[in-house]
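Trainee: Generate coordinates for the sequence data below:
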Amino acid sequence: MATKRVPHLLKTLDLFHAISKARAINMLVSKHTAKWMQDTSKKSPMESINEVRPIKVEGRIVACGGDSNPALGHPLEFICLDLEEPAVCKYCGLRYFQDHHY
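Mentor: Next up is the predicted model:
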């Protein structure tokens, strides 16, 4: 009778260990995130990208790849520049605006 309960007991212990591992990982990630958020000497990625001036484009549509080197960029995104305010790339945050003299 006890041998029939052993597999169930082992499944319960495996579940307990899986939950314990998940909690440990969550605690580690939370501590890392809190440490990163407390360091005010460094700028956040969004603060850094906002310091880049908007890029002037002659046409109505721009193709943003994130970087001149394709290995360092992101998937190609075509951005329409019909609006007055600069258009923002959803991957890297670069801003583009249309030069209306052309």
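Trainee: Identify the bridge partners of residue 77.
Mentor: Partner residues in beta bridges with residue 77, using DSSP bridges, are residue 64.
Trainee: you'd agree residue 56 is in a strand?
Mentor: Yes. Using DSSP: H, G, I helix; E, B strand; the rest coil, the secondary structure at residue 56 is a strand.
Trainee: Measure how buried the closest residue to it other than its chain neighbours is and give me the count.
Mentor: Beyond its immediate neighbours in the sequence, the residue positioned closest to residue 56 (Cβ to Cβ, 6 or more residues apart in numbering) is residue 99, lying 4.8 Å away. From N, CA and C alone the C-beta is placed, and that goes for glycine too. Burial of residue 99, expressed as a neighbour count using other Cβ atoms under 10 Å, amounts to 10.
Trainee: Residue 99: what's it in contact with?
Mentor: Neighbour list for residue 99: 56-58 [criterion: Cβ atoms under 8 Å, 6 or more residues apart in numbering].
Trainee: pLDDT at the nearest residue to residue 90 once chain neighbours are set aside, what is it?
Mentor: Sequence neighbours aside, residue 77 is the residue nearest to residue 90 in space, at 6.6 Å (criterion: Cβ to Cβ, 6+ apart). What the model reports as pLDDT for residue 77 is 94.
Trainee: And for residue 41?
Mentor: Predicted confidence (pLDDT) for residue 41: 76.
Trainee: Residue 17 now?
Mentor: pLDDT for residue 17: 57.
Trainee: now the one 3 residues further on
Mentor: Residue-level confidence at residue 20 comes out at 70, pLDDT.
Trainee: part of a helix, is it?
Mentor: Yes. For residue 20, which was evaluated using three-state DSSP, the result is membership in a helix.
Trainee: What is the neighbour count of it?
Mentor: So residue 20, with other Cβ under 10 Å, has 10 neighbours.
Trainee: ok, now how distant is residue 50 from residue 86?
Mentor: Summarising the geometry, the distance separating residue 50 from residue 86, computed by Cβ to Cβ, to the nearest Å, is 11 Å.
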